[in-house]
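Chemist: starting from these lines, generate the structure:
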Amino acid sequence: LASMHGARPPQRNVGGDDVLDPRATHASGSFPRPARMKSLEITLSDGSKRAIGVLPSDVHTDLRTTILSLKRDIRGRGKPICLAPERLQRVEDALRAHTEFKSITELREALGQWALSAVRQDAEGINAYYDARRAEEYTQHNAHAQTALSRRTLQLLHPQPCPNDLLLDLGSGSGLSSAIFASTQAVVVACDLSIGMLMHARANRTAFDFIQLDLARPLPLRAGIADCALSVSTVQHLCAATPEGLPGKDRLRTLFTEAARVLSAPARVALQVHVKDAQEVVMIRDAGSGIPLRAVMDQPYTSDTRRWFLVSEPIAPTPSPSPICALYDTASGGAAVCVCAIRRLDSGAVNVPQDHLDWLEHVHLRAAHRWARVLRRTGHRGPAAGQAVPEAHDHAHDEFELSVVEARVAAAVLARFGNDFTNDDFRQHSAFVLDLMHSNGAQNLAAS
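Modeler: A predicted model of the protein is given here:
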């Protein structure tokens, strides 16, 4: 029977007892061999290494083949590699289940960013890398992602640009972001270090004017000339030190000092950045001492993918409470809030579409529901401040550990609805749950 189903027949030992070969699969599929998990990392052209994640060993070969194919596609050199659809699907499923990348497309985006980070970040290195072919390929492959990120960056700027405002697009690249910013009828000036990228943008007339400049050097603009500045997927490159040893903090400080000089007061800035961790976001935020910045985390693709933004803090006549977001507290190390939290303090501070806000509120409710289930299964009512929460199993996670903030929200939910809470409780009392997710007072009450 085992042979009919493609499995090896049972082996017989000396004593006569049947011993099931551990490599065999039962006909019903009830005895699958447990997958061995191994870490996978890649080496960039500058010798640095980037971790992909810890994945089942049986998918490593196909994943490495996929990465090689993506690298060839990014470089525009080498013969294309085609895997069977079912093997590609296994790679996609493994990425989604075991890494921060939710798709092969998202992995390709990261590979492109890593390849760029391995290039010398001066005019010579950038211009040697971005020739006309690479500028065209960058535009084709990143059109969807950059368009979504540019829209969200623009929506987070407060106040919004007015017609005829002079808007600086810092790190404009091939003009994908400039085209979105120009839809406001502002006068967009595209600024980038790459001549190839600027020539591509100029050919497509994505901006009013084009300037080659280095963001880590004094800007060739007079004081107070611009009304606002936006940047998409660029400022994170200034976090690294130069080959000559100039620290990233100094490069960032120069950028924000110059931005404060060339922008009319109060300075209006919105940035989107691809960073390695929350420490880099804090590094960027703290460098902008001349322009107070607020870190924001959002899911602009209406998916699990999260992206970082930094926006200039509004200057209020009276101090207002800092916004809070329990959903992103752990992922951001407490450094970021969500657009819902900002909007609760000032409805005019963000111009994000209502359908995205509704979807994001639903994400908050699902998270609170999951935390309450975890806390209910542990039998623990929540930790005091500074205490760790024991690990608990969750249907969607092998191991799920609540942070202090998450446990406080969960404890308040259980105190309100009891252990027999239902989905209807969350729907009917969504305002209460959202208050918990965004209210410092409610979380302190939960802790007490």
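Chemist: would you agree residue 267 falls within a strand?
Modeler: No - using DSSP: H, G, I helix; E, B strand; the rest coil, the assignment for residue 267 is coil, not a strand.
Chemist: where do the strands sit along the protein?
Modeler: For the chain, the strands defined by DSSP state E occupy 11-12, 18-19, 37-43, 49-56, 166-170, 187-192, 209-212, 228-232, 269-273, 293-298, 307-312, 392-394, 397-400.
Chemist: which one of the ones you listed is the most hemmed in?
Modeler: Across the strands of the chain, averaging neighbours per residue (mean count of other C-beta atoms under 10 Å) puts strand 228-232 on top, at a mean of 27. Backbone N, C-alpha and C define where each C-beta goes, glycine included.
Chemist: on that earlier part again, I'd like the strands of the chain as CSV, with distance to residue 72 and mean pLDDT appended.
Modeler: CSV is the format used below for the strands of the chain (distance: least, C-beta to C-beta, whole Å; pLDDT from 0 to 100):
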stretch, distance to residue 72, mean pLDDT
strand 11-12, 44, 45
strand 18-19, 46, 40
strand 37-43, 14, 90
strand 49-56, 17, 90
strand 166-170, 31, 98
strand 187-192, 26, 97
strand 209-212, 30, 96
strand 228-232, 26, 98
strand 269-273, 28, 97
strand 293-298, 32, 94
strand 307-312, 27, 95
strand 392-394, 39, 34
strand 397-400, 34, 43
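Chemist: among those, which is nearest residue 282?
Modeler: When the strands of the chain are compared by C-beta to C-beta, strand 293-298 sits nearest residue 282, at 7.6 Å.
Chemist: what residues are up against residue 233?
Modeler: 113, 146, 149, 171, 173, 272, 273, 274 (C-beta atoms under 8 Å, 6 or more residues apart in numbering).
Chemist: mind doing that once more with 7 Å?
Modeler: The contact partners of residue 233, taken as C-beta atoms under 7 Å, 6 or more residues apart in numbering, are 146, 149, 272, 274.
Chemist: now swap in residue 297 and tell me
Modeler: 306, 308, 328, 331, 332, 336, 338.
Chemist: of those - the most surrounded one?
Modeler: residue 338 (28 neighbours; other C-beta atoms under 10 Å).
Chemist: now the residue nearest to it when sequence neighbours are not counted. Its backbone dihedrals?
Modeler: Counting by C-beta to C-beta, 6 or more residues apart in numbering, residue 338 lies nearest to residue 325, which is 4.3 Å off, once chain neighbours are set aside. Taking degrees, to the nearest 10, you get phi -140, psi 110 for the backbone angles of residue 325.
Chemist: wait, residue 325 sits on residue 337?
Modeler: Yes - using C-beta atoms under 7 Å, residue 325 is in contact with residue 337, at 4.3 Å.
Chemist: neighbour count winner among these two?
Modeler: Taking other C-beta under 10 Å, residue 325 and residue 337 do not tie; residue 337 has more neighbours (25 against 22).
Chemist: the more buried one and residue 179, how far apart?
Modeler: Distance of residue 337 to residue 179, computed by C-beta to C-beta, to the nearest Å: 29 Å.
Chemist: kindly report the same for residue 82.
Modeler: Using C-beta to C-beta, residue 82 is found at 33 Å from residue 179.
Chemist: same deal with residue 106?
Modeler: Remark: distance between residue 106 and residue 179 (C-beta to C-beta) = 23 Å.
Chemist: kindly report the same for residue 434.
Modeler: Going from residue 434 to residue 179 by C-beta to C-beta gives 35 Å.
Chemist: what do you get for residue 408?
Modeler: From residue 408 to residue 179 the distance is 44 Å (C-beta to C-beta).
Chemist: kindly report the same for residue 415.
Modeler: Taking C-beta to C-beta as the measure, residue 415 falls 50 Å from residue 179.
Chemist: one more: residue 286?
Modeler: From residue 286 across to residue 179, the span is 32 Å (C-beta to C-beta).
Chemist: alright, that wraps it up for me.
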